[in-house]
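Student: I'll drop the sequence and a predicted model, then ask my questions.
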Amino acid sequence: MYIKKLFILAIVLVLALGLFGCKAIDTMKDLITNDEPEIQIIRSDDDANIMDDASLRNTVLYYQNENGYLVPVKRKVPWEEGIAKAALKNMTDTPTIREDIGSIGLKPLIPAGTEIIGMSINQDTGLCKVDFNSQIMNSQSKKDEENMIKGVVYTLTEFSNIKEVQFMVDGKIVPELKYGTKVQKPLVRADINVVEGSSDGTSKVTVYYKGIGNGEYEYYVPVTVPTSAPTTNILTSLETLFKGAPELSGLYSDIPDGIEFQGVEVYNRVAYVDIISHDFEIISDQAVFNKMTKNIGLTLKEFPEIEYVEILFDGKTIEEAGLELDAQETVPVFANEY
């Protein structure tokens, strides 16, 4: 009887290998190994079962592209206590992370060898103190150092309980890092990818343009543009977006040529964005319309009072304008998903 059971088990294993091949072998390996899986960039067209894994959490991390712009990327990070610390680990320069995001033209911000000695979050004030070892001083240039600091601040403040970040090195608050970037006081989200050579202006707006990595991957890039408006406002933000990306920036937008911005009104958390063109056939294609709407929505995401966007055509709704388009009204939550 014992031999008979072994014979049946052998047949089952042979059938499993025949039906599932290497996948069966991989599954068996997973059952006997305790190694933690590597973090991978999850593209929007990947297996939906991976995206729904309850052990992973959507986390926005910031990396640097070939032209020195900070780029937000939504990634799936394994859930653990101290998820903010795990987020920073996935921005640190290691061979795995560099290869992982290098495929889409990005590179990690935090210098190789950097370790997080400790992290604390004051739930009342929203102050996050991060204590790094001295390797945090090893940025390759002033630009890299500035981007690293902003990238850390922007990544941590993506968490709702963190409002500002205090840098520490080997347990002490230092006045500045290697290239003179000031870190003595707590830092908040401000001035990401400031347009170089522009005047200070009276106010600043954050607009989302697009870049290309490795000549293939498109991603949205938040850019800070000084303006002459007395205060940061929705109208000025959209005017800046429709004006187009700064010259020589290497960036562009999803607003088709020939589309002009007329105005915007906000009512019940909906931004009604009015555009005009002599030929609305330019955006009669659903994919083109969706991209334009997302580009507008990302720029308006900077204003928490707005939850939805509706595009008007010379004051008319999509139906009134006679266009057969499905509206994409919700303001996007994430800029880039890979």
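Tutor: Structure's in. What do you need?

Student: Show me the beta-bridge partners of residue 75.
Tutor: Taking DSSP bridges as the rule, residue 75 bridges to residue 59.

Student: Please report how far it lies from residue 63.
Tutor: As for residue 75, its distance to residue 63 is 10 Å (criterion: CB to CB, to the nearest Å). Every C-beta, even on glycine, is put in place using the N, C-alpha and C of the backbone.

Student: ok, now residue 120?
Tutor: 25 Å.

Student: So between residue 75 and residue 63, which is more surrounded?
Tutor: Neighbour totals were compared for residue 75 and residue 63, and residue 63 leads with 27 against 24 (other CB atoms under 10 Å).

Student: so that one, which of the three states?
Tutor: Assigned by DSSP: H, G, I helix; E, B strand; the rest coil, the conformation of residue 63 is strand.

Student: can you pull the pLDDT of it?
Tutor: Confidence at residue 63, expressed as pLDDT, is 97.

Student: Residue 54 too?
Tutor: So residue 54 comes in at 62 (pLDDT).

Student: give me every residue that touches residue 222.
Tutor: Contact analysis of residue 222 by CB atoms under 8 Å, 6 or more residues apart in numbering lists 70, 72, 192, 193, 206, 207, 208, 335.

Student: neighbours around residue 143, how many?
Tutor: Residue 143: 12 neighbours (other CB under 10 Å).

Student: Assign a three-state SS to it, would you?
Tutor: helix.

Student: Quick check: nearest residue in space to it, chain neighbours excluded?
Tutor: Spatial nearest neighbour of residue 143, excluding adjacent residues (CB to CB, 6 or more residues apart in numbering): residue 68 at 5.6 Å.

Student: could you check the distance from that neighbour over to residue 106?
Tutor: Here residue 68 is placed at a distance of 12 Å from residue 106 (CB to CB).

Student: shaky segments in the stretch 101-250 of the chain?
Tutor: Low-confidence segments of the stretch 101-250 of the chain (pLDDT under 70): 197-200.

Student: which SS class is the residue nearest to residue 143?
Tutor: Under three-state DSSP, residue 68 comes out as coil.

Student: what does the one 3 residues further on give?
Tutor: At residue 71 the chain is in strand, as set by three-state DSSP.

Student: and the helix or strand harbouring residue 241, what does it pack onto?
Tutor: Here residue 241 sits within helix 234-243, counting by DSSP states H and E. For helix 234-243, the packing partners by 3 or more CB pairs under 8 Å, 6 or more residues apart in numbering; DSSP states H and E come out as strand 203-213, strand 217-227, strand 260-267, helix 286-300.

Student: Let's have those in CSV, adding distance to residue 175.
Tutor: Converted to CSV, the helices and strands packed on helix 234-243 look like this (distance: least, CB to CB, whole Å):
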stretch, distance to residue 175
strand 203-213, 26
strand 217-227, 25
strand 260-267, 42
helix 286-300, 35
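
Student: quick check, residue 245 in a helix?
Tutor: No: Residue 245 is assigned coil when assessed by three-state DSSP, not a helix.

Student: Near it, how many other residues are there?
Tutor: Residue 245 sits with 20 neighbouring residues when counted by other CB under 10 Å.

Student: Angles on the backbone of it, please.
Tutor: The phi and psi values for residue 245, taken as degrees, to the nearest 10, are phi -70, psi 150.

Student: Can you give me every residue that contacts it?
Tutor: With CB under 8 Å, 6+ apart, residue 245 has these contacts: 209, 223, 251, 252, 253.

Student: most surrounded residue in those?
Tutor: Among these, residue 209 has the most neighbours (other CB under 10 Å), with 26 neighbours.

Student: looking at it, that residue is touching residue 255, isn't it?
Tutor: No: with contact defined as CB atoms under 8 Å, residue 209 does not count as touching residue 255 (9.9 Å).

Student: who are the neighbours in contact with the nearest residue to residue 105 once chain neighbours are set aside?
Tutor: Take residue 105 and drop its neighbours on the chain: the residue closest to it by CB to CB, 6+ apart is residue 213, 2.2 Å away. Shown in contact with residue 213 (CB under 8 Å, 6+ apart): 65, 66, 104, 105, 106, 219.

Student: where does residue 150 land in three-state SS?
Tutor: helix.

Student: ok, it - contacts?
Tutor: Contacts of residue 150 (CB under 8 Å, 6+ apart): 62, 70, 191, 192.

Student: And the spatially most central residue of the chain, how far from residue 129?
Tutor: Note on the chain: the residue nearest the mean C-alpha position is residue 72, at 2.4 Å, using CA atoms, centre = their mean. Using CB to CB, one obtains 23 Å as the distance from residue 72 to residue 129.
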